[in-house]
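Asker: missing the sequence, but the structure's below:
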């Protein structure tokens, strides 16, 4: 295993990742504009996905993902304690998001 | 790489601030009508004012395209008795809806008279209000001719708790036909259309600018409002607005009692941006407020409370039967046609369910039985109502993407297993606010009010129609008056206040301050109210102001905005305590129980308690419960020139 250089970091803000950007994201920054509370900032490198700067201020309104012009470019990522459950009515099997 | 720490690890340094930094730089904007807040009410105010040909500036803390409580969407257009399918007279319905203690009869009357016109204008701008594609053919409430979809809400009674309000026989509806006053709408289309219309009409939009103060003539508290100041929360630039008239249309105060960011979001049902800024700036300018003593407990929410719309007891969950883990139907209302949209069981039925759970008669968890619904009703609830209702669209999409099939699967409810909010987790989000007259003018000349900033506000269509009305009235005032004289000293004082946190490099950060305010409110301004506790609350908040606020620091323009929001919360909390101290009686409709004044709603206290500042001193007063007089007559007397749906360019 290659040795990774460790840097000293404070605890990171949590929950830390309200969305996950995929390779389909072309860095158009529409989500940066529609976000009600400026969770994101544009990536300094053009064409790259935005940086999640204030993740713990997100209130999960969903505007960013709802309005993303490239389907599949971002996936909502609910904090673990917010992931809901359902049950298959016929089999009784329980699932969680 | 998407997170900040990924960037740091990969690049070896933190990213630069992505926007130009303009701390201390001033920008002056002269306008006819200044609209503060670009949510639903603010957008409609700006549009209504701009239609008269005046110059309008619209200032919004986020981006107008999706900001505000109605930014993500809206599913119910409530209180629309003027719609063509309604079976009640708008004025009769308006009087009925305002016949609740401490309701806002002026705002409700405007809503009932004008929100159908407002909705038609929404459609003209590109908002979707009809099932034009026939997606919901056969759904109950769908009118095949107009393609409007009536909601079950309020069709028989307007109550959310079955039996709490007796069905009324309206003179205009003697046969008890369904009232048909609430319309299902595709509200996710509204906000982008409103922004587009603002731009088309030449409204100057200031996105990412937080307003921080109102300017009064010569800087005198209580004098005419002649402008305001704001700060760009990306660049830190200081903006000075000079106006003939202003409309304040901001949110209530959402998180004074509770802050817990580790649990996702803010642990209440409001966004962080809901910090009462508009109410506080009006208070500082000398405007009178009322019903500030009313609070409620935090209901559905992000974080500590589960936000999935999966149990009875929340809006937008129409016609879904609730069953136990074995499929046994529970006596919850279904928010549907059979109960006119009722949401909550009566306390007796709730206790009966609780006992049933404890005795094993009902097995937890409970579920929403979507598969049991007729297909078209299920689609209407899941896709249209939940899909369009503000923050729920992303929830439904997440479920479906994870494999949930509403025709096959039961959706879990968190009733009982989640528990209830503590009485100390309170909410003043939409109760107290500015006193208004029939022009939706505040008690200050030049200051008009729309939506949630006024006392006892209602919902989306209320915000839209009162915003539109306030914009119209503000424009009429602006037309006949010159610009007022702003005070350079007032501007300089405000600039110093606003920038203080960025002049410090260390001290107390905004999150710690917010939590400190919340804890003081939990201890002293909560379930147990006495003169002693409330005074301790006031002293604690004043101590925070005197000792902690001078330590407040902010690293960048964004955190400066958050810091300034905390200062709004701190003032808002003190206004609440002052109002609570002034009301020396308990009140059921105000959800206000004083241990030292236990008598509930004694007649001598059945009035609005008003509160304002004069020369920096708190002054209380009172207004009769129906100070607005005859709703129909006064509405008509003040709107002889109203021409209905806008037909201009």
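Answerer: Great, that's in hand. Not measured: the values here are computed from a predicted model. Numbers count the residues shown, from 1 in each chain, chains lettered A, B, ... in the order given.

Asker: same for the helix or strand containing residue B:246, what does it pack against?
Answerer: In this assignment (DSSP states H and E), residue B:246 forms part of strand B:245-248. Helices and strands touching strand B:245-248, by 3 or more CB pairs under 8 Å, 6 or more residues apart in numbering or on different chains; DSSP states H and E, are strand B:33-36, helix B:40-51, strand B:225-232, helix B:277-285, strand B:447-449, helix B:460-479. C-beta coordinates here come from the backbone N, C-alpha and C atoms, glycine included.

Asker: mind checking which of the ones you listed is nearest chain A?
Answerer: Using CB to the nearest CB as the measure, strand B:225-232 is the one of the helices and strands packed on strand B:245-248 that comes nearest chain A, at 11.5 Å.

Asker: how about the closest one: buried residues?
Answerer: B:225, B:226, B:227, B:228, B:229, B:230, B:231, B:232 (16 or more other CB atoms under 10 Å in any protein chain shown).

Asker: how about these in a markdown table, adding distance to chain A and pLDDT?
Answerer: Formatted as a markdown table, the buried residues of strand B:225-232 follow (distance: CB to the nearest CB, whole Å; pLDDT from 0 to 100):
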| residue | distance to chain A | pLDDT |
| --- | --- | --- |
| B:225 | 27 | 98 |
| B:226 | 30 | 98 |
| B:227 | 26 | 98 |
| B:228 | 21 | 98 |
| B:229 | 20 | 98 |
| B:230 | 16 | 98 |
| B:231 | 14 | 98 |
| B:232 | 12 | 98 |
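
Asker: and the spatially most central residue of chain A, backbone torsions?
Answerer: In chain A, the C-alpha nearest the mean C-alpha coordinate belongs to residue A:19, at 1.0 Å (CA atoms, centre = their mean). As for residue A:19, its main-chain torsions (degrees, to the nearest 10) stand at phi -140, psi 160.

Asker: Can you give me the distance of it to residue B:435?
Answerer: 42 Å (CB to CB, to the nearest Å).

Asker: For residue B:401, which of the helices and strands packed on strand B:245-248 is the nearest?
Answerer: helix B:460-479 (27.2 Å; CB to CB).

Asker: elements contacting the closest one?
Answerer: So helix B:460-479, by 3+ CB pairs under 8 Å, 6+ apart, packs with strand B:33-36, helix B:40-51, strand B:76-77, helix B:105-124, strand B:245-248, strand B:447-449.

Asker: Mean pLDDT and mean neighbour count for these - can I get that in a markdown table?
Answerer: Converted to a markdown table, these look like this (pLDDT from 0 to 100; neighbours: other CB atoms under 10 Å in any protein chain shown):
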| stretch | mean pLDDT | mean neighbour count |
| --- | --- | --- |
| strand B:33-36 | 98 | 34 |
| helix B:40-51 | 98 | 31 |
| strand B:76-77 | 96 | 26 |
| helix B:105-124 | 98 | 24 |
| strand B:245-248 | 98 | 34 |
| strand B:447-449 | 98 | 35 |
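
Asker: With distance to residue B:499 as added columns, please give the helices and strands packed on strand B:245-248 in TSV.
Answerer: Supplementary listing: the helices and strands packed on strand B:245-248 in TSV, determined by distance: least, CB to CB, whole Å:
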stretch	distance to residue B:499
strand B:33-36	20
helix B:40-51	26
strand B:225-232	8
helix B:277-285	17
strand B:447-449	25
helix B:460-479	30
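
Asker: Low-confidence stretches in chain A?
Answerer: Across chain A, residues meeting the criterion (pLDDT under 70) sit at A:1-4.

Asker: neighbours of the closest residue to chain B within it, just the number please.
Answerer: When scored by CB to the nearest CB, chain A has residue A:62 as its residue closest to chain B, at 2.6 Å. Other residues near residue A:62 come to 25 when the count uses other CB atoms under 10 Å in any protein chain shown.

Asker: Which residues are in contact with it?
Answerer: A:76, B:72, B:391, B:393, B:394, B:395, B:397 (CB atoms under 8 Å, 6 or more residues apart in numbering or on different chains).

Asker: Show the buried residues in those residues.
Answerer: A:76, B:72, B:391, B:393, B:394, B:395.

Asker: ok, of those residues, which one's closest to residue B:250?
Answerer: residue B:72 (17.6 Å).

Asker: Make sure the closest one is indeed in a strand.
Answerer: No. According to DSSP: H, G, I helix; E, B strand; the rest coil, the state of residue B:72 is coil, so it is not within a strand.

Asker: pLDDT score for it?
Answerer: pLDDT, residue B:72: 93.

Asker: surely it meets residue B:188?
Answerer: Yes. At 6.6 Å, residue B:72 and residue B:188 qualify as touching, with contact defined as CB atoms under 8 Å.

Asker: shared neighbours of the two, anything?
Answerer: A:66, B:393.

Asker: domains of chain B?
Answerer: B:26-71+B:189-297+B:425-479, B:76-184, B:322-412, B:500-624 (automatic domain parsing).

Asker: picking that back up, for residue B:519, state which of the buried residues of strand B:225-232 is nearest.
Answerer: Nearest member of the buried residues of strand B:225-232 to residue B:519, counting by CB to CB, is residue B:231, at 27.3 Å.

Asker: give the contact list for that closest one.
Answerer: So, once contact is read as CB under 8 Å, 6+ apart, residue B:231 ends up touching B:209, B:210, B:212, B:237, B:238, B:239, B:498, B:557, B:560, B:561, B:564.

Asker: distance of the closest residue to chain A within chain B from residue B:401?
Answerer: Using CB to the nearest CB, residue B:394 is the residue of chain B that sits closest to chain A, at 2.6 Å. Note on residue B:394: its distance to residue B:401, by CB to CB, is 10 Å.

Asker: try residue B:385
Answerer: For residue B:385, the distance to residue B:401 (CB to CB) stands at 19 Å.

Asker: the more surrounded of these two?
Answerer: Ranked by neighbour count (other CB under 10 Å), residue B:385 and residue B:401 place residue B:385 first, with 26 against 11.

Asker: got the contact list for the more buried one?
Answerer: Residue B:385 touches B:75, B:76, B:151, B:184, B:316, B:317, B:318, counting by CB under 8 Å, 6+ apart.

Asker: the strands in the stretch 351-500 of chain B, which residues?
Answerer: B:367-368, B:409-412, B:426-427, B:433-434, B:447-449 (DSSP state E, counting those that start in this stretch).

Asker: Quickly, which of the ones you listed bottoms out on average pLDDT?
Answerer: For the strands of the stretch 351-500 of chain B, the bottom mean pLDDT is recorded on strand B:426-427, which sits at a mean of 86.

Asker: in chain B, what spans have low per-residue confidence?
Answerer: Where chain B drops to pLDDT under 70, the residues are B:1, B:264-268, B:299-316, B:429-430.

Asker: Kindly list the longest helix within it.
Answerer: Using DSSP state H to assign secondary structure, the helix with the most residues in chain B is helix B:557-582.
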